[in-house]
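[1] need a 3D model of the sequence below.
(one chain, ligands or ions: 1)
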Amino acid sequence: MKNALSSPSGSEEAVRSTNATQPDVMSNKSSLGTTQTLRVSFPQKPVVFLDIVVKRFTRSVAASRPGLLAKLDRPAHGVLALALGLLLTLAGRPAAHAALTNSSTDLAVLVVSATADDAALPAIRQALDFLGTPYTVHVATAQPGSLTAEKLATGTRGFYSSVMLTDSQLAYSPDGSTWTSALSTPEWATLTQYQADFGVRQINWSGYPTPDTGFNWPTAAFDSTGNPARGSWTTAARSSFPYLVTTHQFAVSNVWTYLATPLDTNTTVWLADAQGHALIAVKQHADGREVLSMTFDNAPWLTHSIVLSHGLVTWANKGLFLGERHTYLSAQIDDVFLADEMWPNGEFRQSARDWAATIAWQNKFRTRTLGRNFRYDMVFNGLGTVPGQYENDDLTPYVRTNKSMFKWISHTYTHLNLDNVDYATALSEITMNNQAASGMGLPGYNKVNMVTGQISGLQNPQFIKAAYDAGIRYLVSDTSIPSHRPASPNVGVPNFVDPRILMIPRHANNLFFNVSTPEEWTGEYNHIYRAYWGRDLSYTEIVDNQAELLLGFLLKGDVSPLMFHQPNLRDYNGAGNTLLGDLLDAVANKYEKLYNFPALSPTMNNLAVLLQRRQDYNASGVVATRNADNTVTLTVTKGARIPVTGLVSGGIVSFTGTVAPVISAENYAGQRITYVTLAAGASVTLKRN
Ligand SMILES: [Zn+2]
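    A predicted model of the protein is given here:
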């Protein structure tokens, strides 16, 4: 594949709190047996995320061109044309001849950036990396003059099914004062000719609106931070955004935004504000080229960029591309059946009432669009179910009769830290919890999964050997630790000691393990973040802030599960409210204003299957070609299951090898996704319906 595996996008720059909010003690196994000692504390927690909530302003290179903004205020827009000068002329160069007949194109994206630092480049990369869509990045200033016809096609075969530019004119400043295009005149001609020849669409991910891109000269430009540009969707946009709630206004914020009206009937507006400015529009050129432009900037952390990207990829590739997008929501609740040390003091263990509230909330959540498939993952310690461990334990008997609506994952028997345990102790922790699961009759419990207490033991050969011997194949890692992060989106991390065990990257967040009420959460949150914010945040603000974080994972299609703890599911007001329920409701309120389809909530071992499939797919070396005769050919060097979005298979035309490839498909979020499982070195041609 052409994917450049980049570091995970949106990764948290976690800061380990130096606030000594936790006693530096761990429960001692030998002294377990009283309410006072059977509790979980985390000397190293909480993990603190500082970057999640900062509304960063993004400004493209075009907006920072000296003189350009000042000239916006002038009435004579002819001055602008002069200022932009050569760039516009070149970008508007018409192609010399009509489209080729009998042409084919590979299903891959050509991304052209002026420099390696263009603001939109990481947004484009993030979108394609999460999808698993192959792409090549051409940084024009790094390879001047090298965008030649041979790079784009050979004969009637084109190498790219779409072109994405970070900036409509690929403007950059070589000296900090003058501005020019990073592509030469011959390179622009080559690129536009390719698009005309092969019917390949282009997207400009930012740029100054011009007549050449389908706009009248802009009448205003502004920073939309705190003052979003709000647009309404037109019918023309909807086929590319089947997953989007297009009946609501769409907000573009935290970026430099130009306001310009559409030029003429060759411009099709997709998103327009109340004054008729086109925020997204497609220009149809006389030579057949179609170019979509956005009049605002994009960056990987911006909600509008994340939400738009899937529809943009869909349109650019005429509805057919390699890769797939799903939305996932997995909430793992650690320490179930144990007590946790609370902030600022005391301890908490769920009661039957809390469990009942959790069941009621989940049932309600499952009636919502986002939550239709949702079930909590209960990550439990069997010792807490032993009679006598906790006084007045009404939780264990209640769970015995109300356990079928959750997923169950082992968290070791006693919550022992596994960093330095020997083999026998580790094995006992694993097998005793398996026995506890059997004793409780926990439905769907699978011995291949485990979440270790404090994410410990991952580098302890004694524990890892015991885990493998006991049948464990999947553990979780903590993405707030750099070495625990995946090499690219939606793949796993092979265990450091034994790569046969796959670690599922799990996201921490600021709903701390040791809070169960709004008072506790706001108290601890403000204790940690008061200096950062310069004030105390309210409960509503904190919930909103963390909901934004989780929303980002969902919108991107991040498969990673989320970390929570049993105190977060306390019925804190006697009315059935829990901190996590409040948070997930807030997430759903945001999500359902944007997306119209449910998230998936797979079991932990099924999550691992998804990660492994993506890993194999990334390594498959797949080349896919859309042929002139309405077929698609897929070829791999290594065996993998290849996802193709937008392919409605009409059956196999031909294949190599002795065994026919396996084809399956699903409809999800308004699109058809076909999966083609190929053996190493195999090739298949499918008819398109
Ligand atoms: Zn735990």
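[2] name the SS class of whichever residue of the stretch 201-350 of the chain sits closest to the ion, please.
    Nearest to the ion, among the residues of the stretch 201-350 of the chain, is D334, at 3.9 Å (C-beta to the ion). From N, CA and C alone the C-beta is placed, and that goes for glycine too. Assigned by DSSP: H, G, I helix; E, B strand; the rest coil, the conformation of D334 is strand.
[3] dump the residue contacts of it.
    D334 makes contact with 379, 411, 451, 453, 513, 563-566 under the criterion C-beta atoms under 8 Å, 6 or more residues apart in numbering.
[4] show me which pair in the residues you listed is furthest apart.
    Between any two of the contacts of D334, the greatest separation by C-beta to C-beta is 14.6 Å, found for G453 and F564.
[5] show me the contacts for Y172.
    61, 114-115, 141, 179-182.
[6] ok, and the closest non-adjacent residue to it?
    Spatial nearest neighbour of Y172, excluding adjacent residues (C-beta to C-beta, 6 or more residues apart in numbering): A114 at 4.1 Å.
[7] from what I see, that neighbour and T166 are in contact.
    Yes. The pair A114 / T166 is scored as a contact, 6.5 Å apart, by C-beta atoms under 8 Å.
[8] ok, the two, which is more surrounded?
    The neighbour comparison of A114 against T166 (other C-beta atoms under 10 Å) goes to T166, with 34 against 25.
[9] the more buried one contacts A116, correct?
    No. With contacts counted by C-beta under 8 Å, T166 stays clear of A116, the gap being 10.2 Å.
[10] thinking again about what came up before, for the ion, tell me which of the contacts of D334 show up nearby.
    Contacts with the ion are made by G453 out of these, judged by C-beta under 5 Å from the ion.
[11] show me the strands in the stretch 201-350 of the chain, by range?
    201-204, 220-223, 229-233, 250-252, 256-259, 267-272, 278-284, 290-294, 321-322, 331-336, 339-341, 347-348 (DSSP state E, counting those that start in this stretch).
[12] tell me which residues in the longest one are buried?
    Within strand 278-284, the residues that count as buried by 16 or more other C-beta atoms under 10 Å are 278-283.
[13] now those as JSON lines including distance to A260 and pLDDT?
    As requested, the buried residues of strand 278-284 are exported to JSON lines (distance: C-beta to C-beta, whole Å; pLDDT from 0 to 100):
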{"residue": "A278", "distance to A260": "7", "pLDDT": "98"}
{"residue": "L279", "distance to A260": "9", "pLDDT": "98"}
{"residue": "I280", "distance to A260": "12", "pLDDT": "98"}
{"residue": "A281", "distance to A260": "9", "pLDDT": "98"}
{"residue": "V282", "distance to A260": "14", "pLDDT": "98"}
{"residue": "K283", "distance to A260": "12", "pLDDT": "98"}
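[14] and the furthest pair within those?
    Longest span within those, C-beta to C-beta: L279 and K283, 14.2 Å.
[15] tabulate the contacts of Y172 (a markdown table), appending distance to the ion.
    Converted to a markdown table, those look like this (distance: C-beta to the ion, whole Å):
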| residue | distance to the ion |
| --- | --- |
| V61 | 47 |
| A114 | 48 |
| T115 | 46 |
| T141 | 50 |
| W179 | 55 |
| T180 | 57 |
| S181 | 55 |
| A182 | 51 |
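[16] from those, pick the one nearest G444.
    T115 (50.9 Å).
[17] pretty sure the closest one is in a strand, no?
    No. Counting by three-state DSSP, T115 is located in no strand; its state is coil.
[18] what pLDDT is listed against it?
    Predicted confidence (pLDDT) for T115: 96.
[19] by neighbours, which of the contacts of D334 wins?
    Using other C-beta under 10 Å as the neighbour criterion, Q566 leads the contacts of D334 with 30 neighbours.
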